[in-house]
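>>> turn this into a model:
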Amino acid sequence: MSNQQPSPARIGSGARIRSVEVFPVAVPFARKFVLGSGAVGAPGAKPDQSTAVIFVKLTTEDGVVGWGEQRALPSWSYETAETMAVIIRRHLTPILLDLTPFDVELFHQRAAKRLSPAVSNGFPFARAAIDVAMHDAAGKLAGIPVHALLGGKLHDEIPLCSAIGVGDQDTVRDHAIQSSDYAAYKVKIGGDLDADAAAIRTVAEVAGGKPLWLDANQSYRPSALKQLLDRTRDIRTIHCVEQPVPSTDTLAMQRLRTMIDLPVAIDEGSFSAQDLARAIRLEAADLVVIKVCKSGGLRNALKTAQTALSGGLEILASGLTDCGIAFAAALHVFSQLELALPAELNGPELLSDLYVEGLTITDWGGGAGKVFKGVVATVPTAPGLGIQVDEERIRAESIDLAFN
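Numbers count the residues shown, from 1 in each chain. Now for the predicted structure:
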């Protein structure tokens with residue numbers, strides 16, 4: 001596609017969204033991955049309709065296409081593939097057919113009115129899939145990359161960390177060794193003191209001096225987490241612990257910060273900028289994990305980031321085993337931010353392969369005057385998300401959901 005600016009007429013009347021298509025796909029995993037809140041996927045596992053990835057294709061009246069993607073993971077959030085598909089088809093599509101891809105804020109305003117967000121944001125994963133597709137199409141219409149639509153990038157590359165799932169000690173060690181090219185490790189812990197202490201110690205031994213980022217996914221009580229950290233007190237490379245207690249228990253997060261010396265990051269407890277503002281007011285976190293999916297889209301993720309910076313919190317970046325489209329969207333967002341640790345965008349590490357072309361992920365090794373950066377993803381620079389989507393494969397692998 002040409003990088004020249006299109007005519008105003010193309011950005012105007014011809015940019016109106018004409019159609020919205022939804023494709024649920026049970027994406028295969030290359031390795032087993034388990035969180036403290038439950039399994040995400042495993043090689044050869046039977047396709048699970050409720051955890052399928054939802055791909056969205058928007059097409060404008062003049063034929064410009066925008067792609068979006070989000071993974072359903074009920075053990076992490078309340079949305080399933082079925083609910084996402086229903087929400088997009090029955091509730092968000094009628095809103096979109098009256099808009100252009102540039103009307104992102106208007107889309108979210110109308111979506112919030114139609115699907116009341118209550119105390120947090122309503123159906124953020126479904127809205128994020130649409131939001132990503134709108135940004136992709138808008139960038140293509142304007143002839144510029146998504147990061148330029150958002151104000152421009154600060155970084156050309158995003159360092160990545162390895163995500164080590166909950167598992168037995170041998171499995172954890174093997175994964176850590178295979179991930180030696182990464183500059184940091186995110187270690188999942190699941191609430192078992194003995195197993196978690198062994199996993200942390202095992203990864204620390206393999207990692208050497210690289211930072212460890214512990215993620216409990218709501219699986220601990222404050223007193224039990226304190227015991228775990230007492231057992232691993234001699235490991236000086238632990239950087240922080242993420243969402244140790246249930247997402248609804250903000251006061252437990254507050255109490256925990258007075259009980260331990262380690263910085264505490266909030267994730268499932270903060271979906272929106274308003275959620276984070278409340279946590280800051282309660283002094284319940286030192287860092288915040290930002291995800292495009294839980295934020296409901298790219299600009300909302302940046303609003304959370306600005307709230308964090310205003311409140312003195314550091315920023316961690318993450319995704320939800322993205323398949324290429326959402327991975328690229330995350331790169332555009334995180335290219336504008338200063339991150340406390342390498343980003344946990346683990347799709348390329350955990351999935352059999354991605355559904356896009358055009359992503360560049362390299363290993364920046366040290367030695368001979370080089371500074372070791374580990375595995376690094378390059379921020380795309382072509383118009384829109386800057387990737388080519390394998391539509392033929394998505395259509396071929398699309399599955400029927402229970403409500404069809």
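
>>> pretty sure T80 sits against Q70.
No. Using CB atoms under 8 Å, T80 makes no contact with Q70, being 11.5 Å away. All C-beta spots, glycine's among them, are computed from the backbone N, C-alpha and C.

>>> more neighbours: which of those two?
Set side by side, T80 and Q70 show unequal neighbour counts under other CB atoms under 10 Å, the larger going to Q70 at 32 against 21.

>>> that's a strand at that one, yeah?
Yes. Looking at Q70 with DSSP: H, G, I helix; E, B strand; the rest coil, it is inside a strand.

>>> quick one: contacts for it?
Contacts of Q70 were listed using CB atoms under 8 Å, 6 or more residues apart in numbering, and they are 53-54, 84, 125-126, 128-129, 132, 293, 320, 326.

>>> L150 - how many residues pack around it?
Each residue near L150 was counted by other CB under 10 Å, and the total is 18.

>>> ends of stretch 282-295, what's the gap?
Distance between the two ends of stretch 282-295: 21 Å, counting by CA to CA, to the nearest Å.

>>> let me see the mean pLDDT of that stretch.
Taken as a whole, stretch 282-295 has an average pLDDT of 97.

>>> pull the distance from that stretch to the chain's centre.
Relative to the chain's own centre, stretch 282-295 is displaced by 12 Å; criterion: CA atoms, centre = their mean, to the nearest Å.

>>> stretch 257-274 too?
The gap between where stretch 257-274 is centred and where its chain is centred comes out at 17 Å by CA atoms, centre = their mean.

>>> mean confidence for it?
Model confidence over stretch 257-274 averages 96 on the pLDDT scale.

>>> stretch 29-42 now?
Taken as a whole, stretch 29-42 carries a mean pLDDT of 72.

>>> shaky segments in this structure?
Across the chain, residues meeting the criterion (pLDDT under 70) sit at 1-13, 36-38, 41, 45-48, 50, 365-372, 402-404.

>>> again, only using 50
1-10, 404 (pLDDT under 50).

>>> OK, contacts around the most centrally placed residue in it?
When CA atoms, centre = their mean is applied to the chain, the residue found nearest the centroid is G319 (1.8 Å). Neighbouring residues of G319 by CB under 8 Å, 6+ apart: 291-293, 326-327, 330, 343-347.

>>> in strands, which of those fall?
Taking DSSP state E as the definition of strands, these contribute nothing to them.

>>> out of those residues, who's nearest R90?
Comparing the contacts of G319 against R90 with CB to CB places C293 closest, at 20.4 Å.

>>> is it true that that closest one touches A128?
Yes. Between C293 and A128 a contact is recorded at 5.0 Å, counting by CB under 8 Å.

>>> which stretches in the stretch 201-350 of the chain count as strands?
Ranges of strands within the stretch 201-350 of the chain are 212-215, 238-242, 264-266, 287-290, 314-317, based on DSSP state E, counting those that start in this stretch.

>>> include distance to S180 and mean neighbour count when you put these into a markdown table, please.
What follows is the strands of the stretch 201-350 of the chain, written out as a markdown table (distance: least, CB to CB, whole Å; neighbours: other CB atoms under 10 Å):
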| stretch | distance to S180 | mean neighbour count |
| --- | --- | --- |
| strand 212-215 | 14 | 26 |
| strand 238-242 | 18 | 23 |
| strand 264-266 | 24 | 25 |
| strand 287-290 | 24 | 25 |
| strand 314-317 | 21 | 23 |
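
>>> for the protein, longest helix please?
Scanning the chain for the helix with the most residues, using DSSP state H, yields helix 124-142.

>>> can I get that one in CSV? Just the C-alpha atoms.
Taking only C-alpha atoms (Å, rounded to 0.1, in the frame of the first residue of the first chain), the coordinates of helix 124-142 have been written out as CSV:
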residue,chain,number,x,y,z
PRO,A,124,-13.9,-4.9,27.3
PHE,A,125,-12.5,-7.9,25.4
ALA,A,126,-15.2,-7.7,22.7
ARG,A,127,-14.8,-3.9,22.5
ALA,A,128,-11.0,-4.2,22.3
ALA,A,129,-11.3,-6.5,19.3
ILE,A,130,-13.4,-3.9,17.5
ASP,A,131,-11.2,-1.0,18.7
VAL,A,132,-8.0,-2.7,17.3
ALA,A,133,-9.8,-3.3,13.9
MET,A,134,-10.9,0.4,13.8
HIS,A,135,-7.3,1.6,14.4
ASP,A,136,-6.0,-0.8,11.8
ALA,A,137,-8.5,0.5,9.2
ALA,A,138,-8.0,4.1,10.2
GLY,A,139,-4.2,3.8,9.8
LYS,A,140,-4.6,2.3,6.4
LEU,A,141,-7.0,5.1,5.3
ALA,A,142,-4.6,7.7,6.5
